[in-house]
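Q: sequence isn't available, so here's the structure alone:
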């Protein structure tokens, strides 16, 4: 109740969406059904409205260095047009959010989670020097076009580089970004997403969002996909969901996000909670986020307990569901480090019933990114 | 044979003192793609309002409660292999369980088809 409407609200309803409250917004949970939308994204292209996410701009001399005081990634080394996954860390090293940071050339562009964006903005404003301007791009919507047909579909829209000689969407590799023009509408396009598939995330002025969504779903390869399938897709891709798989009580090492600790930053030890996080990286954490293949057909859900032989809780399931691609239940869980090796059998209890999972390397379904060839 | 409905979106077909129970088309539509159904064992005694079955969609688990008290005669074994029957045929092939009623007067508190339709329309 009282949820805010996003620019595409009416459009989602006209497309047959069922709307639910999420992160303070009315969001489409599904259109045709989660299973069908999920499989469509894996084989063709799905259009997601993720306008609830926070789009922020950091500008000013030293913005990258300033941001580095609250994240463990090397931001100052990010070349124009490149982006990176990083973590917003509390002073004690707890994870306040996970985010994408892009060097757009003139400023840093951040995409943060919808449920945490207001706290993130407050924390950044309080932490960063006053000389660094922080803009919340509330006039921009965010669409994601994801799937093996995403690039071919987007190519039909005749989107050009912002200036002659600048990259068009098809020129981007995974984790690259560029300003583009669709007619005279400016779009910020990155080759990235949250499904494990090739695809794009498109920042578009709110007033032009419906026209862009219409133009995309008019293509045979593209159908709208809701938040339900977004969750099952990211789970299959092994991607954590903030507030569920990671939060202020988990560290990057426990969460198996060590790749987000850039080498230079580790050597300098100059990010929040560095002493604790680096000691954990050195000595190994007590527990770790792992993927589980669950036996049988019944899913285990967030909150189910990982138990030892005596039935005592020793960990917990943080995401779980039925994998439409694998046609079996899968989950992410925190387990004791002694049980984190691939192939280890894990006992789980949910509502008094025993389940068995096997630790499995993630992603559950291979990533299908359009990576730049190694030179 | 008479068909009754509950506010929990179950249907109950009553034939003498035997009843067949499932979830309504409205319920399956709300749940979405059903991936798992657990039905009660034959011989189980259920109290009205007690947990009788579990139905899991891609996104969530839901309980199905016994609409009336009685003894379970059989669960629908077909749902173990093909839980999507609940989506494709919720009010026929996708039935959940049959039971012997222990107190037929409990049926009086349930809705008929017309009342259930009005109830759904009010949601």
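A: Here it is on my side, so go on. Being a predicted model, the structure only gives us computed values, none of them experimental.
Q: burial of residue 100, as a residue count?
A: I went with chain A, as the question did not name one. Counted with other C-beta atoms under 10 Å in any protein chain shown, the neighbours of residue A:100 add up to 19. In short, each C-beta sits where N, CA and C put it, glycine included.
Q: look at chain B instead
A: Residue B:100 has 14 neighbouring residues, counting by other C-beta under 10 Å.
Q: quick one: the helices in chain B?
A: Here chain B has its helices, by DSSP state H, at B:25-31, B:78-81, B:85-88, B:113-121.
Q: including mean neighbour count, distance to chain A and mean pLDDT, could those go into TSV?
A: Conversion of these to TSV gives the following (neighbours: other C-beta atoms under 10 Å in any protein chain shown; distance: least, C-beta to the nearest C-beta, whole Å; pLDDT from 0 to 100):
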stretch	mean neighbour count	distance to chain A	mean pLDDT
helix B:25-31	18	9	94
helix B:78-81	15	8	95
helix B:85-88	19	8	97
helix B:113-121	13	15	96
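Q: of all the ones you listed, which one is nearest residue A:277?
A: helix B:25-31 (41.7 Å; C-beta to C-beta).
Q: what parts of chain A come near chain B?
A: Proximity of chain A to chain B (C-beta under 8 Å from any C-beta of the partner chain) is limited to residues A:29-30, A:33-36, A:38, A:228, A:231-232, A:297-299, A:301, A:321-322, A:324, A:329.
Q: can you pull the pLDDT of residue A:116?
A: pLDDT for residue A:116: 97.
Q: how about residue B:59?
A: According to the prediction, residue B:59 has pLDDT 81.
Q: that one and residue A:34 touch, don't they?
A: Yes - assessed by C-beta atoms under 8 Å, residue B:59 is found in contact with residue A:34 at 6.3 Å.
Q: quick check: closest non-adjacent residue to the residue nearest to the spatial centre of chain B.
A: For chain B, residue B:22 is the residue whose C-alpha lies nearest the centre (C-alpha atoms, centre = their mean; 2.7 Å). Leaving aside its sequence neighbours, residue B:22 sits nearest to residue B:95 (C-beta to C-beta, 6 or more residues apart in numbering or on different chains; 4.2 Å).
Q: dump the residue contacts of the one you found.
A: Residues in contact with residue B:95 (C-beta atoms under 8 Å, 6 or more residues apart in numbering or on different chains) are B:20-22, B:76.
Q: any idea how far residue A:210 is from chain B?
A: 26 Å (C-beta to the nearest C-beta, to the nearest Å).
Q: following the strand or helix carrying that residue, which helix or strand comes up?
A: Using DSSP states H and E, residue A:210 sits within helix A:206-217. Proceeding N to C from helix A:206-217, the next assigned helix or strand is strand A:222-224, under DSSP H and E.
Q: list the neighbouring strands of that following strand plus their orientation.
A: Next to strand A:222-224 in the sheet, as set by DSSP bridges, lie strand A:45-49 (parallel).
Q: angle of the partner strand against helix A:206-217?
A: The directions of strand A:45-49 and helix A:206-217 differ by 160 degrees, with axes from the mean of the first three to the mean of the last three C-alpha atoms, to 10 degrees as the criterion.
Q: strand A:45-49: how far from the chain's middle?
A: Offset of strand A:45-49 from its chain centre (C-alpha atoms, centre = their mean, to the nearest Å): 14 Å.
Q: that one: what's the following helix or strand?
A: strand A:54-59.
Q: which secondary structure elements does that next one contact?
A: Counting contacts by 3 or more C-beta pairs under 8 Å, 6 or more residues apart in numbering or on different chains; DSSP states H and E, strand A:54-59 packs against strand A:108-112, helix A:117-127, strand A:133-136.
Q: just those: most buried one?
A: Neighbour counts (mean count of other C-beta atoms under 10 Å in any protein chain shown) averaged over each of these peak at strand A:108-112, with a mean of 25.
Q: the lengthiest strand in chain A packs against which elements?
A: Ordering each strand of chain A by length in residues (DSSP state E) puts strand A:313-323 first. On a contact count with 3+ C-beta pairs under 8 Å, 6+ apart, strand A:313-323 meets helix A:227-236, strand A:287-294, strand A:305-307, strand A:328-336, strand A:345-350.
Q: repeat the analysis, applying 6 Å as the threshold.
A: helix A:227-236, strand A:305-307, strand A:328-336 (3 or more C-beta pairs under 6 Å, 6 or more residues apart in numbering or on different chains; DSSP states H and E).
Q: residues from chain B in reach of chain A?
A: B:32-33, B:35-36, B:56, B:58-59 (C-beta under 6 Å from any C-beta of the partner chain).
Q: at 8 Å instead, please
A: Contact residues (C-beta under 8 Å from any C-beta) of chain B with chain A: B:32-33, B:35-36, B:38, B:54, B:56-61, B:80, B:83.
Q: grab the nearest non-local neighbour of residue 75.
A: Here I'm looking at chain A. In space, and not counting its chain neighbours, residue A:75 is closest to residue A:64: 4.3 Å by C-beta to C-beta, 6+ apart.
Q: my bad, chain B
A: Nearest to residue B:75 is residue B:39, by C-beta to C-beta, 6+ apart, at 3.0 Å.
Q: repeat that for residue A:128.
A: residue A:66 (4.8 Å).
Q: now do residue A:280
A: residue A:253 is the one closest to residue A:280 (C-beta to C-beta, 6+ apart), at 4.3 Å.
Q: circling back: surely the residue nearest to residue B:75 and residue B:85 touch.
A: No - here residue B:39 lies out of contact with residue B:85, judged by C-beta under 8 Å, at a distance of 11.9 Å.
Q: which residues do those two both contact?
A: With C-beta under 8 Å, 6+ apart, residue B:39 and residue B:85 have common neighbours residue B:79.
Q: what's the pLDDT at residue A:1?
A: In the prediction, the pLDDT value recorded for residue A:1 is 45.
Q: also residue A:375?
A: Per the predicted model, pLDDT is 81 at residue A:375.
Q: distance from the chain centre to stretch A:311-319, please.
A: 24 Å.
Q: ditto for stretch B:13-23
A: Relative to the centre of its chain, stretch B:13-23 is centred 9 Å away, using C-alpha atoms, centre = their mean.
Q: quick one: terminal-to-terminal distance for it?
A: Stretch B:13-23 has an end-to-end distance of 11 Å (C-alpha to C-alpha, to the nearest Å).
Q: that's a strand at residue A:267, yeah?
A: No - counting by DSSP: H, G, I helix; E, B strand; the rest coil, residue A:267 is located in no strand; its state is helix.
Q: do you know how far residue A:23 is from residue A:246?
A: Remark: distance between residue A:23 and residue A:246 (C-beta to C-beta, to the nearest Å) = 16 Å.
Q: same thing with residue B:84?
A: Counting by C-beta to C-beta, the gap from residue B:84 to residue A:246 is 33 Å.
Q: same drill for the two, tell me which one is more crowded.
A: residue A:246 (25 against 16).
Q: quick check on that one: phi, psi?
A: Phi and psi for residue A:246, reported as degrees, to the nearest 10, are phi -140, psi 150.
Q: and it, bridged to which residues?
A: residue A:242.
Q: tell me who's in contact with it.
A: Counting by C-beta under 8 Å, 6+ apart, the residues that residue A:246 touches are A:87, A:95, A:98, A:240, A:255, A:257, A:289.
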